[in-house]
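Colleague: A structural model of the following input is requested.
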Amino acid sequence: MIRLAVIGYGYWGPNLVRNFYNTPDCKITLVVDSREERLQLVKKAFPAINISTQINDALTNKDIDAVVIATPVFTHFSLAKTALQNGKHVLIEKPMTRTVKEAEELIELAQKYNKLLMIDHTFLYTGAVQYIRKLIESGDIGKTNYFDSTRINLGLFQPDINVLWDLAPHDISVLKYIHNEKPFSVNATGVSHTNNKIENIAYMTINYQSGFMAHFSCSWSSPVKIRSVLIGGDKKMILYNDIEPTEKIKIYDTGYSVKSNEDKQKILVDYRTGDVFIPKLDTREALAHMANDFIQSIAKNTSPVSNYELGIDIVKILEAADNSLKENGKEIKL
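Modeller: Modelled structure (predicted):
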């Protein structure tokens, strides 16, 4: 039985507590938050779980095997470092850390103390993303040519990170999971409509030497909420719409081919439009799969789906995007 502490009971903490509470082979023994009113919500929903306003009650308690960190990004490194040094397994909310240097240090500590370090990239555990990965691996859509993500809504403006750090990790994790080619460079542009110089609208392109391209549109300033990804193959194309309650994936038997032409100034293109297929997906909550992966990876000493290699790769991309933003969209090599 893995004894667990959850640090942070804000936006995402309640979802984590609920799912780990129902996960086999683990027991939540403590929830920590600096706000007494949040802790009272824990007591109301889960009377058996202990509560505390003191972080060290989770980090240094020898009766706790693992900690889940659901706090702002700037706190991730210090909390995870202390937990690892005290012999705890660690699950951190995305993104892993604020810098690549911090991520590297955490990985070294996890290896030194032989503890699991995992990042909660929940979308990897959705039935939709699992299906997309299998579909691409099967070759059914052909060679993948592009990945085009739109993740926009009105709010929530973050005080410490820009919109790319807040929203893009979801779709970067999906990209990394379904397309294993190493990216070459990053370009990013953005704008801040507040006085804190934190971009609330940003666009990022990840470039690959094969010609594959991934583009991300992120905004806290949209009148509508959109969560969609287009994946283009040379045989078929995929639309992943996470807002759709049931038909999250549509596979379009649609494509085009370019005919050879003696006059190279003219391009002859044949378009093909076929059927649309809507697959049935696993509808179990993704966070439940993630929680189970964390616990079972500890118990069996195996690597989870959302491992620290993925976590640091995403931080590398986001750090490069920050550098590109500062230089007005300059290409930054990875």
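
Colleague: give me the low-pLDDT residue ranges for this protein?
Modeller: Within the chain, the stretches with pLDDT under 70 are 260-266.

Colleague: helices along that one, start to end?
Modeller: Using DSSP state H, the helices of the chain run over 13-21, 36-45, 56-59, 73-85, 100-113, 127-138, 163-178, 286-300, 308-326.

Colleague: export those to a markdown table and tack on mean neighbour count and distance to Ile28?
Modeller: In short, each C-beta sits where N, CA and C put it, glycine included. As requested, these are exported to a markdown table (neighbours: other C-beta atoms under 10 Å; distance: least, C-beta to C-beta, whole Å):
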| stretch | mean neighbour count | distance to Ile28 |
| --- | --- | --- |
| helix 13-21 | 20 | 5 |
| helix 36-45 | 14 | 9 |
| helix 56-59 | 19 | 11 |
| helix 73-85 | 20 | 16 |
| helix 100-113 | 16 | 22 |
| helix 127-138 | 17 | 25 |
| helix 163-178 | 24 | 25 |
| helix 286-300 | 20 | 10 |
| helix 308-326 | 21 | 23 |
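
Colleague: for those, which one sits closest to Asp270?
Modeller: helix 127-138 (23.9 Å; C-beta to C-beta).

Colleague: tell me the angle that closest one makes with helix 163-178.
Modeller: Angle of helix 127-138 versus helix 163-178, following axes from the mean of the first three to the mean of the last three C-alpha atoms, to 10 degrees, is 50 degrees.

Colleague: returning to what we had before: need the helices of the chain in CSV with distance to Ser221, can you?
Modeller: Shown next, in CSV, are those (distance: least, C-beta to C-beta, whole Å):
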stretch, distance to Ser221
helix 13-21, 26
helix 36-45, 28
helix 56-59, 36
helix 73-85, 21
helix 100-113, 28
helix 127-138, 26
helix 163-178, 9
helix 286-300, 27
helix 308-326, 16
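
Colleague: if we compare those helices, which one ends up closest to Glu93?
Modeller: Per C-beta to C-beta, nearest to Glu93 of the helices of the chain: helix 73-85, 7.4 Å.

Colleague: next one: the closest one to chain centre, how far?
Modeller: 19 Å (C-alpha atoms, centre = their mean, to the nearest Å).

Colleague: count of neighbours near Thr283?
Modeller: 12 (other C-beta atoms under 10 Å).

Colleague: so what's it up against?
Modeller: Gly127 (C-beta atoms under 8 Å, 6 or more residues apart in numbering).

Colleague: the strands in the stretch 101-250 of the chain, which residues?
Modeller: Here the stretch 101-250 of the chain has its strands, by DSSP state E, counting those that start in this stretch, at 117-120, 144-154, 185-191, 201-207, 213-219, 221-233, 237-241, 249-259.

Colleague: packing partners of the second one?
Modeller: Other elements packing on strand 144-154 under the criterion 3 or more C-beta pairs under 8 Å, 6 or more residues apart in numbering; DSSP states H and E are helix 163-178, strand 213-219, strand 221-233.

Colleague: what about the shortest one, distance to the chain center?
Modeller: It refers to strand 213-219. That offset, for strand 213-219, works out to 14 Å (C-alpha atoms, centre = their mean).

Colleague: who does it pair with, and is each partner parallel or antiparallel?
Modeller: Strand 213-219 sits in its sheet next to strand 144-154 (parallel), strand 201-207 (antiparallel), going by DSSP bridges.

Colleague: quick one: closest of these to Val32.
Modeller: strand 144-154 (29.3 Å).

Colleague: about what we covered before: of the helices of the chain, which is nearest Ile267?
Modeller: The closest of the helices of the chain to Ile267 is helix 127-138. By C-beta to C-beta, the value is 27.4 Å.

Colleague: picking that back up, of the strands paired with strand 213-219, which is nearest Ala83?
Modeller: Short answer: strand 144-154, nearest of these by C-beta to C-beta, at 29.9 Å.

Colleague: okay, the angle between the closest one and strand 221-233?
Modeller: 170 degrees.

Colleague: buried set for strand 144-154?
Modeller: By 16 or more other C-beta atoms under 10 Å, the buried positions in strand 144-154 come out as 144, 147, 149-153.

Colleague: that one: how far from the chain's middle?
Modeller: 14 Å.

Colleague: which other residues reach that strand?
Modeller: So strand 144-154 is contacted by 136, 167-168, 170-171, 174-175, 178-179, 211-234 (C-beta under 8 Å, 6+ apart).

Colleague: ok, now with 7 Å
Modeller: 136, 167, 170-171, 175, 179, 212-223, 225-234 (C-beta atoms under 7 Å, 6 or more residues apart in numbering).

Colleague: cool, and stretch 1-11?
Modeller: 13, 16-17, 20, 25-33, 38-39, 41-42, 55, 58, 63-71, 79, 295, 298-299.
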